[in-house]
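S.K.: what follows is a predicted structure for the sequence shown.
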Amino acid sequence: MSSSTPGILVIEDEANIRRFIRLALENDGFRVCEAGSLQRGLIEAGTRRPDLVVLDLGLPDGDGIDFIRDLRNWSQVPVIVLSARNAEPDKVAALDAGADDYLSKPFGAAELLARVRALLRRHGRTEEGLAVAQFGRIRVDLARRTTERDGSPIHLTPIEYRLLTYLITNPDCVLTHRQLLKNVWGPAHVEDSHYVRVYMGYLRKKIEDDPARPKHILTEAGVGYRFVGS
Amino acid sequence: MTTDGRPDPDRLLARVQEEEARATRGKLKIFFGATAGVGKTYAMLGTARQQAEAGTDVLIGVVETHGRKETDALVTGLERLPLRAIPHRDKVLQEFDLDAALARRPALILMDELAHSNVAGSRHPKRWQDIHELLEAGINVYSTVNVQHLETLNDVVNGIAGIRVRETVPDRVFDEADEVILVDLPPDELLQRLREGKVYLPDQAERAVRHFFRKGNLIALRELALRRTADRVDGEMLAYRRQTSVATVWQTRDALLVGIGSGAGSERLVRTGARLAGRLEAPWHAIHVHSPRSGAEPEVQRQRTVRALELSASLGAETATLSADDAVAALVDYARTHNLSRVLVGRDHPRPWQPWYRSMADRIGQAAPDLDVVQVARSEARRATVAPSATRQADGSWRDYLKATAICAAATILTTPLADLIELTNIAMLLLLAVMMVAVTLGRGPAVASAFLTVAAFDFFFVTPRFSFAVSDAQYLITFAVMLIVALLTGQLTARYKLQAEVATRREALARDLYEMARSLSAALLPVQIAEACNRFLSLEFAAQASLILSDANDHLQAPIGNPADNASVPSVVDEGVARWAFDHGEPAGLSTDTLPGSPLLYLPLKAPMRTRGVLAIAPNDPLRVQGPEARRQLETLASLIAIAVERMHYVEVAQKSLLQMESEGLRNSLLSAISHDLRTPLSVLVSLAESIGLTQPPPSDAQARIAETLKEEALRMSGKVNKLLDMARLQAGKVQLNRQWQPLEEVVGSALQASEGPLTGHSVQAALPEDLPLVEIDSVLIERVFCNLLENAGKYTPAGSCVSIGAAAREGEIEVWVEDDGPGLPKGREEAIFDKFERGAGANVTPGVGLGLAICRAIIEAHGGKIGAKNRPTGGARFIFSLPRGMPPTLCEELGTA
C-alpha cells in the first residue's frame, strides 16, 4: 500500500460488522481491505502489506492466535484483536502472542478509531527514540534518568523507574502482566504477577494525582495495563 | 527402640487416642471392698452427696439400702430413677431402666452392685454392661463391688471361703475404671457390726453366710482386696511412668500361651492364665487343639471348650482353635510363631494303669526345651465329672455293633465248610480279614467287639476240641492276641483317617463356599444380590438365614432385605432396636453376645473401611451353630466381606453420579457458550449497524441520526442485560472457575470506577482505602463486576448529586469492603431479599433493570468464600458490605532483581 494513506486489513467473518468497520475507517480517511476468513486474511496480509490489522478472534476456520504468531514471523505490523467480553484469557493469549491491543464487542466507531490512530502513531515514531517524555504534570528525562513533577524531582526506585520507562515507551497499547514481568523483572519472574500489581500501585501513588482514579496508568481488568500519555 | 529414653511415638499415639476416647467417655469410680458390710454403698452415697451439694446433677440408678437407717438418710434428697417392671414368667420383677437413664442424661449416676445380673429380658445380661453403655454416653458412674466378684479371683475366693460366686465381673472392667476407692474395715469391727445386726444378710442363706463371716476368711478376703488394689495402683504408677517417661521401663514380653484341653478344669486354667498374664502385664493367647485322633468331640465337651475359649476372650486373650493330630507339636508351633515364651497347661490326671504315659507338660518340655511350661492344678472336686462318655461316643452306635456281629457271623458261616479243607492258620487269616473289614468300615469299637467275637467263634467252631471254648493248645492264645491287636490297630487308624478326611472335607467345603460367596459378592450390583449370596453361604455353612439392613447416607437404617429366593420370615422378625444398637456401637448384638442375648437373631455390624454400612441379622436354625469364637470369627469374616461389597456398591454409585454430573456440566457449559455466542453476535451487529447509519454518505438527516443513536443505545443496553443474564447462568451452572491472583484491592476499585463512569454521572464518588490493606486473592474480573454492579445500583437508586463512597478495612481473618451512599436507603425488611434473583429495589418499576445485579454479586462473593450483606446507614443511605477471606498473602522481596 502506498505510504500516504495508511491501509488497514479487517479480518472478520460477520459481514455486517466488517462493513461497519470499513465505513468507520474509510470515513476517517483510511484505506480498507477485507477478509472473511483466516486463510484469506493471511493471503491479504502477505500481498497487500497493510499498516494495521484488525482481527476477530472468533473466526470459524482457525485460531486467531496462530494467525498472530504466523504474522509475527515476518511482520511487526500492529494488530488489534476483537473478542467477546468474558474472554479475558483469550485476550491475554493473543496479546502475549504479539497482538498490540484489543476491543470487546460490541464497540463503537469512536473507540475503534482512537485505538487505530494511537497504534499507527506509536508505530510511526518508535524508531526515532525518545529523549524526554511529558504527560500531565510529570516529566521523565530518559537520557538523564530523572523524573519530575512540576519541576520538583520524584524519587523512584530502580524497578519503579524501569517500569515507568517501559510504559512510556509502549504507550496506548495493552501490556499484559507477563510482558511487564518479562521486560522489567526478567524472564525468571513471569509467574509472579502480584509484583507487577504492587509496583504499579507504588508508581501510581508517585505519579498520579488521584491514585484511586488513575489517568495515565489504566488497569485492564484480567488482562494488564495501558499507559495513556495525554 | 527407645534406647535414648525418648518416648516411643507409637505409645504416645496410643496414649493420645486413649485420651481422646476418654475425654468423651464418662468416668467410672468403683467403691471396692473385701466383703459385704464394709460400707461401700454408704461411702458411695456420701461422696455422691458431696457432688450433689457442689452442684452436680446426681441421679440414683440403683441403690440397695436394705432398710438401714444411716444409709437411708443419705439417699433422701437425691433424685431416684424409677425402676422398670419386667414381667418374668408369672411374676413382675423390678430392674434398672437403662433407656430412661440414657434419656435423663444426668452428670453422675449411682449404680450399686457392679456384679449384679440383670433380669432376663433386659438389654444386657449384666449390670456392668449397662454401666459400659452409660459411660459410652458420657455419663459418669459410681459403682460398688466386692473382691470375690472379680472374675480372676473367683477361684481363689472359692478356695478360701468355700463359696462359689456366680455373679462375676471381668477384671478389665475393674482395671479400666478411672478411679478405685478401697473401702476398708478391719475384720474385728466388721464382726462387731455383724453382731449388732448392722450388716444386711439374706435370710435364706444366713447359716451359710455366717459360716462365710469367719475371722480367718475375712482376713484373707481383706488381704486379697488390699493386694488387688495395690496391683491396680502399681499399674497406674507404671502407666504414669510410661506417660511421663520418667525412666525407660525394661520391657519383657513374657507372653503366655494357655493350652485348653477338653477336660473340666479348663475354666480354672483360663482364670489362672489371665491372672498370671495380668501380673506379668503380658499379652496372652488361649488355644484349643482339636485332635482328630480323639474322635469327634461329644457335645458336652465341645460346649465346655467353647465356654473356656469365650471366657479367655472376655478376659483379654487372643483365642484360636487349631486342628492337628499332635496337640504338643501344634502348641509348640503356635507358641513359636506367636513368640510366646511360657506355656500353661492343666495337670493331667494320673494314669497308674499307663505307666509309660507322659504328661502333656513333660511332652511339651521334651519337644521344646526353650519354653517355660507351667502346670496348673486341677480342682479335685471336678474330677468325677471328666466325661467318661467322652471317648465312648466316638466309637459307633449300636447299629454298627449289630453290623459287626452280622459280618462276624457271616464270616464264620462262610468259613465253616472249609474247616476240614484248609489249615487252621488260614481260617484264622480269613476271620482276621473279617475283623479288618469291620475295622475299616465301622470304626474302632465295633472292630474290638468283632475281634472278641471272631476269637470266640474261632475257638468255638474251629479249634479242637470243636464246639467248646476249651483250648487244647496254648499256641492259639497267640492267634487270639494277634487278632485282637490287629483289630484295635486297624480300628484306631481307620477312625483317625476317617476323621481327618471329614475335617478336611468340611474345611474344603467352607473354603469353597466362602470363595463362591466372595465371587458372587464381587459381581453383585444390587443389595438383593448381596443378600442372596450371603444367604446361600449361611444356609450351607451354618444352616441359617439372614437379612441385610443397610444404612443410607444419613445413617438411617433401611428396611431389611431378606433372601429373595425364599420368602422366609427373617426380615419380619428383625428387631430394629437391636439392629440400631449394633449399628451405632459397631459391635455384635443379640443371640450369643453380651447385648440382648435373648434375641433370636444375631446382629453383626457391617464395618467397612470408610464407615459402618449396615447390619447383618442372622437367624440360625440351631443357636449352637453360631456360638463359639471359631464360628463367630467366620461370621465376622462374612460380615466384613459383605461390608466391603456394600461399600464397593456405594462407590460404584458415587462414580456413576459424578460421571453424570460431569457430563451434564460439560453439556451445560457448551450450551451456555453456544447461547452466549448466538445472543451476543446479533447484538454486536445491531450496534455496529446503528452506528453505520451515521457514517453513510450522504450524511443522514438529524432525525435519522437521532434514531440511529437511540437504536445504538438500546442495543447496548440490551447487550448489557444479556451479559448479566449470561453471567448469572454461568455462575449458577456449577462450580465457578475463579482465576484468583494476589493483588491490591485498590487496582480493582480503580478499574471499576473507570468502567462505571457512565452510570455514576452526576454523583460524586470517594474511594478511600487504607494504605496498609493487605493483598487479596481474588478474580479481578469478577470482583470488578461486583463493584460495577454495586456502583451501578448506587447510581440508579440515588438522586443526582448523591455521594457514593468505597471503603475497606482488614479484620480478623477477612477483609471487609463496603460501598455506601447517602440516598434514600433500602426498603425496611428487604435487606436480605434484594440479593435474590429478579428482586428489585423500591420504585423499581420506574427504574430500568431486571434485578440480577445483586444476585450476581452474591454468587461471586460466595464463590470467593466471602459473605455479602446490606443495611441502612444510621445517617441515611444504603451500605453494602462484603467480606473476602484474608488467606496468606505472598511475601514481596523489596526491589527484587536490583542487586
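M.R.: Looks like it arrived, so ask away.
S.K.: which neighbouring elements make contact with the host helix or strand of residue B:504?
M.R.: Per DSSP states H and E, residue B:504 falls inside helix B:476-523. Secondary-structure packing of helix B:476-523 (3 or more C-beta pairs under 8 Å, 6 or more residues apart in numbering or on different chains; DSSP states H and E): helix B:424-442, helix B:444-457, helix B:527-541, helix B:628-695. Every C-beta, even on glycine, is put in place using the N, C-alpha and C of the backbone.
S.K.: for the first one, buried residues please.
M.R.: Judged by neighbour count using 16 or more other C-beta atoms under 10 Å in any protein chain shown, the buried positions of helix B:424-442 are B:427-428, B:430-432, B:434-439, B:442.
S.K.: with the third one instead?
M.R.: Along helix B:527-541, these residues count as buried under the neighbour rule (16+ other C-beta under 10 Å): B:527, B:529-539, B:541.
S.K.: export those to TSV and tack on pLDDT?
M.R.: TSV is the format used below for the buried residues of helix B:527-541 (pLDDT from 0 to 100):
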residue	pLDDT
B:527	85
B:529	86
B:530	87
B:531	87
B:532	86
B:533	86
B:534	87
B:535	86
B:536	85
B:537	86
B:538	86
B:539	85
B:541	81
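S.K.: for chain A, state which of those residues is nearest.
M.R.: Closest to chain A out of the buried residues of helix B:527-541 is residue B:527 (46.8 Å), distances taken as C-beta to the nearest C-beta.
S.K.: shouldn't the closest one be in contact with residue B:561?
M.R.: Yes - applying C-beta atoms under 8 Å, one finds residue B:527 in contact with residue B:561, separated by 5.2 Å.
S.K.: show the contacting residues for residue B:762.
M.R.: Residues in contact with residue B:762 (C-beta atoms under 8 Å, 6 or more residues apart in numbering or on different chains) are B:800-801.
S.K.: what about it, distance to residue B:716?
M.R.: Separation of residue B:762 from residue B:716 (C-beta to C-beta, to the nearest Å): 19 Å.
S.K.: now residue A:177
M.R.: Distance, residue A:177 to residue B:716, using C-beta to C-beta: 29 Å.
S.K.: which one's more surrounded, these two?
M.R.: Taking neighbours as other C-beta atoms under 10 Å in any protein chain shown, residue A:177 and residue B:716 compare with residue A:177 leading, 24 against 17.
S.K.: what do residue B:527 and residue B:561 both touch?
M.R.: Residues touching both residue B:527 and residue B:561 (C-beta under 8 Å, 6+ apart) are B:548, B:550.
S.K.: look at residue 157 and report its pLDDT.
M.R.: If you meant another chain, say so; for now it's chain A. At residue A:157, the predicted lDDT confidence score is 89.
S.K.: my bad, the chain I had in mind was chain B
M.R.: 79.
S.K.: what residue, apart from its backbone neighbours, is nearest residue B:620 spatially?
M.R.: The shortest distance from residue B:620 to any non-neighbouring residue, by C-beta to C-beta, 6 or more residues apart in numbering or on different chains, is to residue B:544 (3.9 Å).
S.K.: residues in contact with the helix or strand hosting residue B:411?
M.R.: Using DSSP H and E, residue B:411 sits in helix B:398-415. For helix B:398-415, the surrounding residues in contact (C-beta under 8 Å, 6+ apart) are B:427, B:430-431, B:433-435, B:437-438, B:442-443, B:445-447, B:449-450, B:453-454, B:457, B:461-462.
S.K.: relative to helix B:424-442, how tilted is that helix?
M.R.: For helix B:398-415 against helix B:424-442, the angle by axes from the mean of the first three to the mean of the last three C-alpha atoms, to 10 degrees is 150 degrees.
S.K.: hey, C-alpha coordinates of helix B:398-415 in CSV?
M.R.: Output of helix B:398-415 as CSV, limited to C-alpha atoms (Å, rounded to 0.1, in the frame of the first residue of the first chain):
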residue,chain,number,x,y,z
TRP,B,398,-25.4,-99.9,68.4
ARG,B,399,-26.3,-100.4,64.8
ASP,B,400,-22.6,-100.5,63.9
TYR,B,401,-22.2,-103.2,66.6
LEU,B,402,-25.1,-105.2,65.1
LYS,B,403,-23.5,-104.9,61.7
ALA,B,404,-20.1,-106.0,63.1
THR,B,405,-21.8,-109.0,64.7
ALA,B,406,-23.5,-109.9,61.4
ILE,B,407,-20.3,-109.7,59.5
CYS,B,408,-18.6,-111.9,62.0
ALA,B,409,-21.4,-114.4,61.9
ALA,B,410,-21.3,-114.4,58.1
ALA,B,411,-17.6,-114.9,58.1
THR,B,412,-17.9,-117.8,60.5
ILE,B,413,-20.7,-119.4,58.5
LEU,B,414,-18.8,-119.0,55.2
THR,B,415,-15.6,-120.5,56.6
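S.K.: what about chain A, any weak spots by pLDDT?
M.R.: Chain A contains residues with pLDDT under 70 at A:1-3, A:85, A:125-130, A:230.
S.K.: longest helix anywhere in it?
M.R.: Longest helix in chain A, counting residues (DSSP state H): helix A:109-125.
S.K.: after the helix or strand containing residue B:703, next one along is what?
M.R.: Using DSSP H and E, residue B:703 sits in helix B:702-732. Where DSSP H and E defines the elements, the next helix or strand beyond helix B:702-732 is strand B:741-743.
S.K.: gap between that following strand and the chain center?
M.R.: Relative to its parent chain, strand B:741-743 has a centroid offset of 48 Å by C-alpha atoms, centre = their mean, to the nearest Å.
S.K.: picking up where we left off before, out of the helices and strands packed on helix B:476-523, which gets nearest to chain A?
M.R.: Among these, helix B:628-695 comes nearest to chain A, with 3.5 Å by C-beta to the nearest C-beta.
S.K.: Provide the backbone phi and psi angles at the residue of chain A positioned farthest from its centre.
M.R.: In terms of distance from the mean C-alpha position of chain A, residue A:152 ranks first, at 30.8 Å (C-alpha atoms, centre = their mean). Note on residue A:152: its backbone torsions stand at phi -100, psi 140 [degrees, to the nearest 10].
S.K.: what of residue A:103?
M.R.: Per-residue torsions, residue A:103: phi -140, psi 130 (degrees, to the nearest 10).
S.K.: how near is it to chain B?
M.R.: Separation of residue A:103 from chain B (C-beta to the nearest C-beta, to the nearest Å): 11 Å.
S.K.: so what's that residue bridging to?
M.R.: For residue A:103, the beta-bridge partners under DSSP bridges are residue A:82.
S.K.: my read is that it contacts residue A:80, right?
M.R.: Yes - counting by C-beta under 8 Å, residue A:103 does reach residue A:80; the two are 6.2 Å apart.
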